[in-house]
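Engineer: got a predicted structure here, sequence first:
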Amino acid sequence: MDLTTKYMGLQLRTPLVPSASPLSEDIENIKRMEDAGAPAVILYSLFEEQLKHETLELEHHMTHGTESFAESLTYFPEPDEYVARADEYLDHIQSAKSSVDIPIIASLNADTNGGWTEFAKYIEDAGADALELNIYHIPSNMEEPGSKVEDSYVDIIKSVKSVIKIPVAVKLSPFFSNFSNMAKKVDEAGSDALVLFNRFYQPDIDLENLTVVPRVILSTPMALRLPMRWVAILYSTIQADIAATSGIHKAGDVLKVLMAGASVAQLCSVLLKHGIDHLRQIEQDLIDWMEEHEYESVLQMQGSMSQKNCENPSAFERAQYMRALQSYKPNAS
């Protein structure tokens, strides 16, 4: 069975790629991923703030007034801690590269277009095989038009592409007024792959302590529908490869995104929930299904159910919504 796929010019043994998560903070875990069959690993993200905090100006703004409230002293890590994390990230890339034979894809979590883009060059020099830009921007300024937000994404991509030669993937959110047009802009800016989609972790309110707190909720298979739909719509309309992420928990989910047109399926929540070795089970289930349905390769199925190739292309657009509502039969009891 030929499970190989090509992603950003990288020849991968299978399409089952562990995405950025805390699991990759440990070199031993990265080794286990390779042993379990991972064809590549995307490292945990280095955040833009972890690079920007090293400046004296930001140190002043972050620490000014904190002596007034004891609890605020631990709200922001010390700038030196952020700088150390940046250096440690480069060391981690080098350690990972020397420990495994599979490609190592670094990850930068970006918000603005700034001097941090130069760090992409350090990542390349450290030996990373590719870089994934996880652009996480929450536009809350009422005076900022959508076009400016979109332009900032394009500027970030162009800035990074101008300083490195390794492939660059861009992880996007679906929250654009015309995602097809945004995908086209990202593609034309030089992105080697689109990763669909970024999951924005929403804050919660702690009712007992009356504080706003972070909440990380693992994805469910239902989350698959959104990326699968857009993978199918974009397949063959852009030059960049497409990776699907969010809601991929079993071999059937992998099959769906491959048939929609994805080159790889990124796995995160399922590995956090069931462990790294669960990769083996997903791969075996994938092989079993392909053998039963007489598929010889991943390439044979890739894009076969995309909007371009499926029997009813409108099923991925408004017609699907109308049919879904008309077909639902509520329980009257």
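Structural biologist: Nice, thanks for sending it over.
Engineer: poorly predicted segments of the stretch 1-150 of the chain, please.
Structural biologist: 52-84, 112-116 (pLDDT under 70).
Engineer: neighbours around Asp125, how many?
Structural biologist: Using other C-beta atoms under 10 Å, Asp125 has 12 other residues around it. Every C-beta, even on glycine, is put in place using the N, C-alpha and C of the backbone.
Engineer: OK, contacts around it?
Structural biologist: Contacts for Asp125 (C-beta atoms under 8 Å, 6 or more residues apart in numbering) come out as none.
Engineer: same check, this time on Leu16
Structural biologist: Gly37, Ala38, Pro39, Val254, Val264, Ala265, Leu267, Leu279, Ile282, Glu283, Leu286.
Engineer: check contacts around the fourth one.
Structural biologist: Read it as Val254. By C-beta under 8 Å, 6+ apart, the contact set of Val254 is Pro15, Leu16, Ile248, Ala265, Ile282, Leu286.
Engineer: need these in TSV (columns: distance to Leu234).
Structural biologist: Shown next, in TSV, are the contacts of Val254 (distance: C-beta to C-beta, whole Å):
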residue	distance to Leu234
Pro15	17
Leu16	21
Ile248	17
Ala265	16
Ile282	24
Leu286	23
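Engineer: mark which of those are buried, thanks.
Structural biologist: Among those, those classed as buried by 16 or more other C-beta atoms under 10 Å are Pro15, Leu16, Ile248, Ala265, Ile282, Leu286.
Engineer: re the thing from before, from the contacts of Val254, which land in helices?
Structural biologist: Ile282, Leu286 (DSSP state H).
Engineer: max pairwise distance over the contacts of Val254: which two?
Structural biologist: Ile248 and Leu286 (11.5 Å; C-beta to C-beta).
Engineer: buried set for stretch 266-286?
Structural biologist: Applying 16+ other C-beta under 10 Å to stretch 266-286 flags 266-272, 276, 278-279, 282-283, 286 as buried.
Engineer: which one of the residues you listed is nearest to Asn109?
Structural biologist: Cys268 (14.2 Å).
Engineer: correct me, but that closest one touches Ala20?
Structural biologist: Yes. The pair Cys268 / Ala20 is scored as a contact, 7.5 Å apart, by C-beta atoms under 8 Å.
Engineer: can you show me the strands along the stretch 151-300 of the chain?
Structural biologist: Counting by DSSP state E, counting those that start in this stretch, the stretch 151-300 of the chain has strands at residues 168-172, 193-196, 203-206, 211-214, 241-245, 264-267.
Engineer: which stretch among those comes nearest Asn312?
Structural biologist: strand 241-245 (20.9 Å).
Engineer: Val132 and Leu194 touch, don't they?
Structural biologist: You called it Val, but residue 132 is Glu. No. Between Glu132 and Leu194 there is no contact under C-beta under 8 Å: 10.6 Å.
Engineer: mutual contacts of these two, please.
Structural biologist: Common neighbours of Glu132 and Leu194 are listed as Ala169, Val170 (criterion: C-beta under 8 Å, 6+ apart).
Engineer: so what's the spatially most central residue of the chain closest to, chain neighbours aside?
Structural biologist: Centre of the chain computed as the mean C-alpha position; nearest residue by C-alpha atoms, centre = their mean is Lys171, 4.8 Å away. Residue nearest to Lys171 in three dimensions, not counting chain neighbours: Val195, with 3.9 Å by C-beta to C-beta, 6 or more residues apart in numbering.
Engineer: how about Arg280?
Structural biologist: Distances taken as C-beta to C-beta, 6+ apart put Ala36 closest to Arg280, at 5.3 Å, once the chain neighbours are dropped.
Engineer: wait, Gly252 sits on Trp289?
Structural biologist: Yes. Assessed by C-beta under 8 Å, Gly252 is found in contact with Trp289 at 7.5 Å.
Engineer: which residues do those two both contact?
Structural biologist: Shared contacts of Gly252 and Trp289, defined by C-beta under 8 Å, 6+ apart, are absent.
Engineer: let's test this: mean pLDDT of stretch 189-202, rounded?
Structural biologist: On average, the pLDDT along stretch 189-202 is 89.
Engineer: the residue nearest to the centre of the chain reaches Glu132, doesn't it?
Structural biologist: Yes. Taking C-beta under 8 Å as the definition, Lys171 is a contact partner of Glu132 at 5.9 Å.
Engineer: common neighbours of these two, please.
Structural biologist: Contact with both Lys171 and Glu132 is made by residues Val195, according to C-beta under 8 Å, 6+ apart.
Engineer: Ile266: what's it in contact with?
Structural biologist: No Ile there; residue 266 is Gln. Val17, Pro18, Ser19, Ile42, Val195, Ala243, Ala244, Thr245, Ile248.
Engineer: CSV for those residues, including distance to Met8?
Structural biologist: Listed next are the contacts of Gln266 as CSV, based on distance: C-beta to C-beta, whole Å:
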residue, distance to Met8
Val17, 11
Pro18, 16
Ser19, 14
Ile42, 11
Val195, 10
Ala243, 9
Ala244, 14
Thr245, 15
Ile248, 19
